[in-house]
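Enquirer: okay, sequence plus prediction incoming.
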Amino acid sequence: MPIRAVLWDIDDTLFDYTGADTAGLARRLAEEGLAERYGSPEKALALWREATARHWERFAVGEVTFQGQRRDRVRDFLGEPAMGDEGADAWFDRYVEHYKAAWTVFPDVVPALDALAGRYRHGVLSNSSSANQDPKLRALGLRERFEVLVCAAELGVSKPEEAAFHAACGALGLPPGDVAYVGDQPEIDARGARDAGMTAVWLDRGGDRGPAPAGVHRIEGLAQLPEVLAGDTRFGARSAIR
């Protein structure tokens, strides 16, 4: 069955989230005089990302609100569990200002979208909120590229649950077999899309994160994507289904 549409992840797929997160956190810590507190920028970022993952999981299973997980990330990272909501919100808001200043699209994104324009429909499925991702896509000049934007916060279910992928396919009015999903996470994105009956494409930028899950296409850059969607995966080593 030919692919008729592509659903995309946003963070670290279209948008350099890791780069912006790294820069935003470093500037926030420098602003507070905390740059040396964690030993190195790399160690600080690792702790921040661990707190992000931990509290996002709580949000994903309904234990805390979207805003609540942000507040708890700050409290956890700073080691200040008694910090009030107002203080946590203010700290996070300042981080966001620095984070937004570092927003950028990966250089292969626009060429890939241009190459696929007119041949496939496009949408987004993100494990975030529309209130967060819609302004981001608009600021990056990408929002008009996508027919639909589907986010976990509004759905009440997140990737890798099949229901999240099926909801995004439903928003396009297409069955999963007609849709490909492109994302940077081999389990959350690729395996989840595969299990939902979609063509799963794992974007492994750098090509050093190990083999792909069975039944998943692995690419190292978006220039390889058109051939995958057309059914020809003979574009180089370690790019075919594995």
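Expert: Cool, the structure landed.
Enquirer: so what's the residue count around residue 84?
Expert: 11 (other CB atoms under 10 Å). Backbone N, C-alpha and C define where each C-beta goes, glycine included.
Enquirer: could we number from 193 for the rest of this?
Expert: Shifting the count to begin at 193 puts that one at residue 276.
Enquirer: am I right that residue 315 sits in a strand?
Expert: Yes. Checked against DSSP: H, G, I helix; E, B strand; the rest coil, residue 315 lies within a strand.
Enquirer: that one is in contact with residue 341, isn't it?
Expert: Yes. Counting by CB atoms under 8 Å, residue 315 touches residue 341, with 7.1 Å between them.
Enquirer: quick one, helices of the chain?
Expert: 209-223, 233-252, 258-270, 277-293, 301-308, 322-331, 344-347, 354-364, 384-387, 417-421 (DSSP state H).
Enquirer: the first one vs helix 233-252, what angle?
Expert: Translated: helix 209-223. Here the directions of helix 209-223 and helix 233-252 differ by 110 degrees (axes from the mean of the first three to the mean of the last three CA atoms, to 10 degrees).
Enquirer: list the contacts of helix 209-223.
Expert: 202-204, 227, 229-230, 233, 236-237, 240-241, 283, 286-288, 290-296 (CB atoms under 8 Å, 6 or more residues apart in numbering).
Enquirer: please repeat the previous calculation with a cut-off of 10 Å.
Expert: In this structure, residues lying in contact with helix 209-223 by CB atoms under 10 Å, 6 or more residues apart in numbering are 201-204, 208, 226-230, 233-234, 236-237, 239-241, 244, 269, 283-284, 286-296, 298, 328, 376, 397.
Enquirer: was I right about residue 247 contacting residue 265?
Expert: Yes. Residue 247 is within contact range of residue 265, at 4.9 Å (criterion: CB atoms under 10 Å).
Enquirer: returning to what we had before: between residue 315 and residue 341, which contacts overlap?
Expert: In contact with both residue 315 and residue 341: 200, 360, 363, using CB under 10 Å, 6+ apart.
Enquirer: buried ones from the residues you listed, can you make that a ChimeraX selection?
Expert: Of the shared contacts of residue 315 and residue 341, the buried ones can be selected in ChimeraX as follows, counting by 16 or more other CB atoms under 10 Å:
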select :200,360,363
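Enquirer: one step back: and residue 370, which of the helices of the chain is closest to it?
Expert: Among the helices of the chain, helix 354-364 comes nearest to residue 370, with 7.8 Å by CB to CB.
Enquirer: work out the gap between that closest one and the centre of the chain.
Expert: 16 Å (CA atoms, centre = their mean, to the nearest Å).
Enquirer: export the helices of the chain to CSV and append columns for mean pLDDT and distance to residue 406.
Expert: Formatted as CSV, those follow (pLDDT from 0 to 100; distance: least, CB to CB, whole Å):
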stretch, mean pLDDT, distance to residue 406
helix 209-223, 94, 27
helix 233-252, 91, 25
helix 258-270, 95, 32
helix 277-293, 97, 36
helix 301-308, 98, 25
helix 322-331, 96, 30
helix 344-347, 91, 25
helix 354-364, 98, 17
helix 384-387, 98, 8
helix 417-421, 96, 16
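Enquirer: for residue 196, which of those is the nearest?
Expert: helix 354-364 (8.4 Å).
Enquirer: send me the closest one as CSV with only the CA atoms.
Expert: Provided in CSV are the C-alpha atoms of helix 354-364 (Å, rounded to 0.1, in the frame of the first residue of the first chain):
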residue,chain,number,x,y,z
GLU,A,354,-1.0,3.0,19.8
ALA,A,355,-3.9,5.2,20.6
ALA,A,356,-1.8,8.3,20.1
PHE,A,357,-0.6,7.3,16.7
HIS,A,358,-4.1,6.2,15.7
ALA,A,359,-5.6,9.5,16.8
ALA,A,360,-3.1,11.4,14.6
CYS,A,361,-3.9,9.2,11.6
GLY,A,362,-7.6,9.8,12.3
ALA,A,363,-6.9,13.6,12.3
LEU,A,364,-5.7,13.1,8.7
